[in-house]
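Give me a model of this one.
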Amino acid sequence: MQDYVFSSGVSNGVFSSGRRTVAVAGTCLALAALGLGINDQAHAASYGTPTISLSATYLSGAVGAVGDPTVQVTVAQSGANVGALTVAASKSSKTSVAPTSAVTVTGTGATRQLAVAAAAQGYTDLTVKVTGLGGRTATKTLHYASSASVQQPADTRYFTGSSDASAAVDVGGGYIVVADDESNVLRLYDRSASGAPVKTWDFSDDIDVSKEIDIEGAAHVGDTIYWTGSLGNNKDGEYKAPRNTVFTTKVTGSGANTALSYGSSYGKLRDDLVAWDKANGNRYGFAAGTADGQVPKQIDGFNVEGLEFAPGSTSTAYLGFRAPLAPAVEGGKALLVPVTNIDKVVANGTAATFGTPIELNLGGLSVRDIRKNAANQYLIVAGSWAADDNSDPYALYSWTGNPTDQPVKLRDLPTSDPGAWEAVVDVPDLTTPGARAQLITDDGAADLYGDDTEAKDLSHEEWKKSRSTWFTITG
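Below is the predicted model of the structure:
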């Protein structure tokens with residue numbers, strides 16, 4: 001290696017009449033090329049390894065979705081201005097689901113937002129990398145799952161954390177409380193955004209149950225929400241006492257500040273219904289429908305899925321039956337049974353009394369949900385009594401709430417996408433042209449990600465989700 005002599009004129013300096021090797025010269029030239037001087041080199045050596053964290057390590061999206069959930073990325077590096085750090089996806093384990101180019105990161109501070117635009121149904125692991133000063137890096141893995149595209153993607157949102165939405169109540173300020181028929185958890189969501197619940201409540205201890213109530217219907221009156229279990233046997237035809245539960249919650253606040261507190265509960269409504277039907281000649285076969293071994297979702301079964309108050313009442317509520325049909329034959333009518341003292345039933349444990357049953361022509365379909373507005377305009381979600389793959393017809397009907405009036409079909413509901421239409425959030429003014437209503441699916445039995453796994457059995461809550469869609473229902 002050839003030596004060079006530097007004559008710097010500095011008597012005691014680094015370059016005074018000494019010899020430097022070409023390696024040192026090469027280092028100086030390299031630093032100059034990078035725009036770094038000796039002081040900059042020393043500063044670079046003082047930068048720490050960057051840190052990176054994700055607000056969630058599991059994320060769900062959908063092909064073609066609008067407003068899919070995002071992940072918050074927090075980064076830092078000692079000795080560096082955080083604005084100089086860059087964040088990007090550096091690797092995808094399955095690029096057909098989401099390549100790195102489908103990942104966008106916005107923001108320049110310590111907290112960034114990461115979004116994924118899915119390309120196909122399936123799973124991929126995304127490596128998220130922060131690059132700091134001094135060329136130092138750190139990574140985290142985001143486990144991503146994408147469901148297939150659906151109809152009306154612009155009008156669709158996904159509520160994550162549960163795939164088994166079964167009832168929903170509007171609590172004002174753009175937020176809703178959603179029940180789950182696989183757990184007793186009530187979840188508060190921003191109804192206009194995809195993502196996780198803002199708050200959750202579980203009143204199992206208050207009710208003194210350890211198993212699912214199978215919540216299927218809800219009705220809101222004043223500051224109280226009534227929630228009912230299905231009242232039927234489980235899928236194996238076994239009686240499970242928690243399912244024979246109606247309970248109330250008190251609502252305070254609204255919007256994101258909504259709070260729920262436990263009210264009271266009643267555990268014998270099914271018994272009261274069976275006794276009432278027996279006293280009236282077993283007209284609807286409730287005793288047979290609740291017998292040991294009887295599967296609830298049969299044309300002659302016993303299963304409640306709707307709850308709403310009668311027009312102008314705070315004490316009479318309609319129970320909407322998924323099964324039985326009346327009569328229990330193909331083409332039979334949907335059944336509503338008025339509970340005329342539901343306020344006293346739940347508050348005081350008073351035995352239920354019942355009004356004249358109402359039979360509605362829903363084209364051979366049964367009640368999957370029922371909801372009304374302050375003007376006593378009702379919407380009924382109609383679907384099959386059967387426990388099938390949800391490909392059977394669904395439709396949306398309007399109704400006056402008057403037992404002598406029959407419902408009017410507003411529209412069919414799409415069945416080509418996964419999930420069963422289970423809940424209508426609220427009822428718009430049905431006299432207004434172009435009125436829209438928000439419906440929610442129960443996706444618990446759906447294979448969302450193409451791996452033959454039912455959504456209710458997915459290993460991560462963030463991958464479980466129910467679909468919400470806005471439909472135009474008036475011309």
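
quick check, residue 351 in a strand?
No. Residue state for residue 351 (DSSP: H, G, I helix; E, B strand; the rest coil) corresponds to coil; a strand is not indicated.

ok, it touching residue 340?
No. Using Cβ atoms under 8 Å, residue 351 is not in contact with residue 340, being 11.6 Å away. (C-beta placed from N, C-alpha, C; glycine too.)

Looking only at neighbour counts, state which of these two leads.
Per other Cβ atoms under 10 Å, whichever of residue 351 and residue 340 has more neighbours is residue 340, with 17 against 14.

Roughly how far does that one sit from residue 319?
Distance of residue 340 to residue 319, given as Cβ to Cβ, to the nearest Å: 11 Å.

Next: residue 247.
Applying Cβ to Cβ, the value for residue 247 to residue 319 is 15 Å.

Excluding chain neighbours, what is closest to residue 250?
Leaving out its chain neighbours, the residue that sits closest to residue 250 by Cβ to Cβ, 6 or more residues apart in numbering is residue 261, at 4.8 Å.

list the helices and strands whatever helix or strand the one you found lives in packs on?
Using DSSP states H and E, residue 261 falls within strand 259-266. With contacts defined as 3 or more Cβ pairs under 8 Å, 6 or more residues apart in numbering; DSSP states H and E, strand 259-266 has these neighbours: helix 204-207, strand 246-252, helix 342-348.

Kindly reformat those as JSON lines containing distance to residue 136 and mean pLDDT.
Formatted as JSON lines, the helices and strands packed on strand 259-266 follow (distance: least, Cβ to Cβ, whole Å; pLDDT from 0 to 100):
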{"stretch": "helix 204-207", "distance to residue 136": "48", "mean pLDDT": "98"}
{"stretch": "strand 246-252", "distance to residue 136": "50", "mean pLDDT": "98"}
{"stretch": "helix 342-348", "distance to residue 136": "61", "mean pLDDT": "98"}
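
Which among the ones you listed is found nearest to residue 124?
Of all the helices and strands packed on strand 259-266, helix 204-207 sits nearest to residue 124, with 36.2 Å by Cβ to Cβ.

Pull the number of nearby residues for residue 280.
12.

Quick check on it: phi, psi?
Dihedral pair for residue 280: phi -110, psi 30, per degrees, to the nearest 10.

residues contacting it?
Residues counted as contacts of residue 280 (Cβ atoms under 8 Å, 6 or more residues apart in numbering): none.

Test my guess that residue 435 contacts residue 475.
No. Judged on Cβ under 8 Å, residue 435 makes no contact with residue 475 at a distance of 9.4 Å.

The two: which has the busier surroundings?
residue 435 (17 against 7).

which ones are touching that one?
Applying Cβ under 8 Å, 6+ apart to residue 435 gives the contacts 428-429, 472-474.

nearest to residue 113, of these?
Using Cβ to Cβ, residue 472 is the member of the contacts of residue 435 that lies nearest residue 113, at 31.4 Å.
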